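>>> Build me a model from this:
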Amino acid sequence: MNNVVNDKAWLEARRALLAKEKELTKLRDEVAKARQAMPWRKVEEHYIFDGPQGEVSLADLFDGKSQLIVYHFMYGPDWGEGCKSCSFWADQYDTIDMHIGARDVALACVSRAPLEQFEAFKQRMGWKFSWVSSVGNSFNRDYQVSFPGKQRGTYNYRETDVMEELPGLSVFYRDGDGAVYHTYSTYSRGLDALNATYQMLDLVPKGRDEKDLDYPMAWVRHHDNY
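As a prediction, this is how the structure comes out:
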């Protein structure tokens with residue numbers, strides 16, 4: 001339990017914290033501008049994915065928008081269900097899809113597992129967002145989230161120990177001529193700020209309450225298993 005103080009002391013502490021929060025907000029705005037000013041690289045590979053209605057290209061995933069966010073959902077070819085952590089993030093996607101769509105942004109998840117393998121899982125979770133399979137192409141390897149048969153690889157922009165599948169998010173832009181550009185990717189703790197549940201937990205006294213667990217996200221379940 002934290003210290004219990006009178007109203008005056010509480011207000012002083014809150015104002016001191018507010019000053020730090022404002023610093024963080026300003027820095028976050030600066031980082032966002034720097035992210036948006038990042039140089040682009042043209043996507044030369046013609047990726048074809050398996051979707052519910054058949055084959056789709058990377059350009060098709062834009063769904064008429066000029067900007068595309070791809071969440072690299074961890075789901076290996078022989079897995080019985082999707083990653084719990086990725087599902088933790090994905091639970092919010094249907095609710096934000098309409099809002100980012102109003103700002104010219106499409107959202108899709110991509111996994112290396114065959115489409116038929118995760119379609120039942122998607123139905124179980126009650127999700128509606130776009131989710132396609134990259135089983136027939138090199139997309140997951142090219143964007144450094146799948147490492148079949150490897151124990152070392154480049155993840156989060158450095159050589160490190162890896163698992164078969166790891167999480168990430170990539171951003172693309174499509175111009176008026178149909179050319180597609182890769183503008184940004186983030187991995188590991190870079191995904192942290194994109195999870196609304198974690199941001200809410202950071203507001204409460206016990207926070208995420210993960211320090212005594214075997215690993216930080218050991219408490220996370222698929223939402224139908226709590």
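
>>> Going by C-alpha atoms from here, please, whenever you check contacts or count neighbours.
Fine.

>>> residues in contact with the closest residue to E165 other than its chain neighbours?
Distances taken as C-alpha to C-alpha, 6 or more residues apart in numbering put S146 closest to E165, at 4.6 Å, once the chain neighbours are dropped. Applying C-alpha atoms under 8 Å, 6 or more residues apart in numbering to S146 gives the contacts R112, N140, M163, E164, E165, L166.

>>> of these, buried ones?
Buried subset of the contacts of S146 (neighbour count, 16 or more other C-alpha atoms under 10 Å): R112, N140, M163, E165, L166.

>>> Among those, which ones are in helices?
Mapping the buried ones among the contacts of S146 onto helices (DSSP state H) picks out N140.

>>> Find me the pLDDT at F147, would you?
With respect to pLDDT, F147 has a value of 97.

>>> One more: W219?
97.

>>> residues near it, how many?
14 (other C-alpha atoms under 10 Å).

>>> And it, how far from K211?
11 Å (C-alpha to C-alpha, to the nearest Å).

>>> next one: D78
Distance from D78 to K211, by C-alpha to C-alpha: 32 Å.

>>> cool, T197 as well?
Distance of T197 to K211, given as C-alpha to C-alpha: 17 Å.

>>> Who has more neighbours out of these two?
T197 (15 against 9).

>>> Report the contact partners of that one.
Not one residue lies near T197 by C-alpha under 8 Å, 6+ apart.

>>> any idea how far F73 is from it?
T197 is 18 Å from F73, by C-alpha to C-alpha.

>>> Same check on P114?
For P114, the distance to F73 equals 13 Å [C-alpha to C-alpha].

>>> Quick check: phi and psi at G80.
Backbone geometry at G80, expressed as degrees, to the nearest 10, gives phi -80, psi -20.

>>> before we move on, back to that, P114 and F73: which is more packed in?
Shown here are P114 and F73; by other C-alpha under 10 Å, F73 has more neighbours (29 against 20).

>>> Nearest spatial neighbour of L213, chain-adjacent residues omitted?
L213 sits nearest to W219 (C-alpha to C-alpha, 6+ apart), 7.8 Å away.

>>> if I look at the one you found, how far off is R208?
Taken as C-alpha to C-alpha, the span from W219 to R208 is 10 Å.

>>> just D177 next, same as before
Taking C-alpha to C-alpha, one finds D177 at 46 Å from R208.
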